[in-house]
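In: I would like the atomic coordinates for the input below:
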Amino acid sequence: MNIEDAKLKLDQLTKEINHHNNLYYISSAPVISDYEFDQLLNELSALESQYPLLVHENSPTKRVGGDITKNFPAVKHRFPMLSLSNTYSKSEIEDWVVRIQKLTDEPIQFVCELKYDGVAISLWYENGQLFKALTRGDGVKGEDVTNNVRTIKTIPLRISDDAPKSFEIRGEIFMPIAAFDQLNEHRKNNDEALFANPRNTASGTLKLQDSSLVSKRTLDSFLYSVYSDEKIKDSHYEQIIQSKKWGFKTPSSHDRYIELASSIEQVMSFINYWDEKRSELPFEIDGIVIKVDDVNQQNEIGATSKSPRWAIAYKFKAEQAETILNSVTYQVGRTGSITPVANLTPVQLGGTTVKRASLHNADQIAKLDLHINDYVYLEKGGEIIPKIVGVNLKKRKAENTKVNFIQCCPKCDARLARVEGEANHFCPDEKACPPQVKGKIEHFIGRKAMNIDGLGQETVDQLFKSNLISDVSDLYNLKYDDLIQMDRMADKSVNNLLKSIEASKSVVFSKVLFGLGIRFVGETVAKKIVAAYGSIDSMMKASIEELILVDEIGERIANSLFNYLHNEENKILLNKLKEHGLQMEQAKKVLSSEKLLNQTIVISGVFHQYSRNEIKQLIENNGGKVGSSISKKTNLLVAGENMGPSKRQKAVDLNVKIINEDEFINLVK
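Out: Next up, the predicted model:
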């Protein structure tokens, strides 16, 4: 196949994939199976690998992500991205409608829409292609999140030919409730901190540096406002209908996500309907937006410097319920953190029965001035579990006793401590406090750490109570006779568990470090530290100041790691794990050569003989490090075709040597 034929085939595949993508995600009417779609995508990917010069930045293969973005540059909006004025008062909405109707002699029709609880986004399209995606920012400039937005399947990378040559379409990016729940379930199974709510998760996801992670988070979108120098439609409602024809996912009138209204009564009917029904939606909303439909009337009514006068948002009040505080209990986490929990008389809130609520810490209890048997107000304000937001003092009885935060650990009776500047109390007796000991073992055997199968929470509890394990090193002393006597442990399961324990000795050092459960040392931090120091012995020789120099390691993490490594009991534990044969240093990478040793190399542009990933591999195999952007630390820039002029200029300004693909290949031969 010559390059012309390849280009025709690539264009044909791209058009076909975009068509099926639209049918699946926008029209919800797929005509081919997932397997057939994947085959088309694989065919396109193979063709792009063969002809990298033909790869377009909006290729459907970009949906899976893979670009690393160290920062999100601010870009000026072509049209100011104003925010809406809002109110929690229905009477103020009625006043606004009356006021707007008096501003013109012509009858005014309104559009009522859902106020999606997500992240506002502005998409630029040039000649039918997604050109740029910006967050709201300060309304004048927004952050460029184009690479991440390209991974969202409901946002078209190419649109129909009848759309304006240049325009913006704005809307909201959000995370569906089902996707959020699934993500949190996955994090729970992997001993990771749970996300608080879909909105914050969508916002955080959109700012992830690795777009391949964004593609796995199942973000979604609704687009509903068009901005262009070309005239489109005189009606905002009709513009939305037109946008759907171009290929965008827009609010559905069939599902009553959008509705025309010509009177106060119709506006209030829409508000009241969704105030009652919002809990049934597959995504979160926090209110209703009312807009003047006629675009000419919008222009006539105008805007302030902050918000349009022709639109307003009615915000729903957070759902609340009143119930009785029966008691307060205290949970001990694996790091010793003490969390107070309110036990309540069951009450319905947001479609679920609530029996408990988080009280967070001692300060929160004091702030609320809680008493046992108080009538308390619960609210679902975006937290994972409901929180108490107030007390009905009118119902408080004189005999209700004040809630005082405990002084000693509820599990081991050790005196609680509190680090200056931190909100939580913690139990300092990490070696003897049962929840901490068992919690550390459960963390150690988890999938993200040592990945030891066949050892559940109940079995860990039994082994602990039988004095067979008191720390993670004891796992490697377990024998067949110890395990066979445990409940639900038969011959096969015991043998499989012992094999899994033995296999964990070959788990890489970064996972061992993460598995130790050092405070503030998560999975990513563990990898960074191991990459910097290579072995436990090297880490132990490092000062706090030296640890702080590691990428993304601040003073808090450095102090925690230093204190852990220099604790005498922990030193004994680490020596035991060494003796058992666990990996306590990073496996030394076998290099093809040291021609690029300790050099930081940036690659940019399109390459012919090797893919970008292959060039990255060549750099690393020859001792070099791949940089994401040009800086004073950059030694070399490998420039492919179509490299941006700004990157070349920056390299020149910093005296960074620039070589082409052929020169690079000769360099590593």
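In: just for the stretch 501-650 of the chain, where's the confidence low?
Out: Applying pLDDT under 70 to the stretch 501-650 of the chain flags the ranges 589-591, 642.
In: just the strands in it please.
Out: 600-604, 625-627, 636-639 (DSSP state E, counting those that start in this stretch).
In: How far does the shortest one sit from its chain's centre?
Out: What it means is strand 625-627. Strand 625-627 sits 25 Å away from the centroid of its parent chain (CA atoms, centre = their mean, to the nearest Å).
In: Can you mark which positions in the helix-or-strand element of the chain with minimal mean pLDDT are buried?
Out: Between all helices and strands in the chain, the lowest mean by mean pLDDT, DSSP states H and E belongs to helix 34-50, at a mean of 77. Within helix 34-50, the residues that qualify as buried are 37, 40-41, 44-45, 47-48, counting by 16 or more other CB atoms under 10 Å. In this view, the C-beta of every residue, glycine as well, is placed from N, C-alpha and C.
In: Can you tell me which of those is closest to Gln109?
Out: Closest approach between the buried residues of helix 34-50 and Gln109, by CB to CB: Phe37, at 40.8 Å.
In: quick one, what contacts the closest residue to the closest one other than its chain neighbours?
Out: Of all residues not flanking Phe37 in the chain, His20 sits nearest, at 5.7 Å (CB to CB, 6 or more residues apart in numbering). Counting by CB atoms under 8 Å, 6 or more residues apart in numbering, His20 makes contact with 30-32, 37, 40.
In: likewise Asn660?
Out: Each residue near Asn660 by CB under 8 Å, 6+ apart is listed here: 638-640.
In: would you list these in CSV and tack on distance to Ala133 and neighbour count?
Out: Compiled in CSV, the contacts of Asn660 are given as follows (distance: CB to CB, whole Å; neighbours: other CB atoms under 10 Å):
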residue, distance to Ala133, neighbour count
Val638, 28, 26
Ala639, 27, 21
Gly640, 24, 19
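In: Ala178: which of those is nearest?
Out: Set against Ala178, the nearest of these by CB to CB is Gly640 (41.2 Å).
In: how close does that closest one sit to Glu458?
Out: Distance, Gly640 to Glu458, by CB to CB, to the nearest Å: 57 Å.
In: Tell me how far stretch 399-417 lies from the chain's centre.
Out: From the chain centre to the centre of stretch 399-417 is a distance of 36 Å (CA atoms, centre = their mean).
In: Ala303 contacts Leu82, doesn't it?
Out: Yes: counting by CB atoms under 8 Å, Leu82 is a contact partner of Ala303 at 6.2 Å.
In: Name the residue in the two with the higher neighbour count.
Out: Shown here are Ala303 and Leu82; by other CB atoms under 10 Å, Leu82 has more neighbours (17 against 14).
In: Check the protein for its longest helix and report it.
Out: In the chain, ranked by residue count with DSSP state H as the criterion, the top helix is helix 3-25.
In: Can you point out the buried residues in it?
Out: Neighbour counts over helix 3-25 (16+ other CB under 10 Å) mark 6, 9-10, 13-14, 16-18, 20-22, 24-25 as buried.
In: Just the mean pLDDT for that helix, thanks.
Out: Mean pLDDT, helix 3-25: 82.
In: what angle do that helix and helix 34-50 make?
Out: With axes from the mean of the first three to the mean of the last three CA atoms, to 10 degrees defining the directions, helix 3-25 sits at 150 degrees from helix 34-50.
In: I'd like the distance between Leu325 and Thr345.
Out: From Leu325 across to Thr345, the span is 8 Å (CB to CB).
In: meant to ask about Glu238, not that
Out: Glu238 is 52 Å from Thr345, where distance means CB to CB.
In: likewise Met489?
Out: Using CB to CB, Met489 is found at 40 Å from Thr345.
In: ok, Asn22 - contacts?
Out: Taking CB under 8 Å, 6+ apart, we find Asn22 in contact with 156, 247.
In: quick one: secondary structure of the residue sitting furthest away from the middle of the chain?
Out: Distance from the centre of the chain peaks at Asp105, with 48.8 Å (CA atoms, centre = their mean). Look at Asp105: counting by DSSP: H, G, I helix; E, B strand; the rest coil, its state is coil.
In: middle-most residue in this structure, spatially?
Out: In the chain, the residue lying closest to the centroid (CA atoms, centre = their mean) is Thr205, at 3.5 Å.
In: excluding its backbone neighbours, what's nearest that residue?
Out: Once flanking residues are discounted, Thr205 sits nearest to Arg217: 4.6 Å by CB to CB, 6+ apart.
In: Name the SS class of that neighbour, please.
Out: Applying three-state DSSP: Arg217 is coil.
In: Could you do the one 4 residues further on as well?
Out: Here Ser221 takes the strand state, with states given by three-state DSSP.
In: Next one, pLDDT for it please.
Out: Looking at Ser221, its pLDDT reads 97.
In: OK, contacts around it?
Out: Ser221 neighbours (CB under 8 Å, 6+ apart): 121, 152, 154-155, 171-174, 249.
In: now, among these, which is nearest to Lys505?
Out: For these, the closest approach to Lys505 (CB to CB) belongs to Ile152, at 42.1 Å.
In: Next one: Asp105 relative to Lys492, how far apart?
Out: 85 Å.
In: I figured Ile385 was touching Leu359, is that so?
Out: No: applying CB under 8 Å, one finds Ile385 not in contact with Leu359, separated by 10.6 Å.
In: Of those two, give the one with the bigger neighbour count.
Out: Here Ile385 and Leu359 are compared on neighbour count by other CB under 10 Å; more neighbours surround Leu359, at 24 against 13.
In: Hmm, the more buried one is touching Ile388, no?
Out: Yes: at 6.7 Å, Leu359 counts as touching Ile388 under the criterion of CB under 8 Å.
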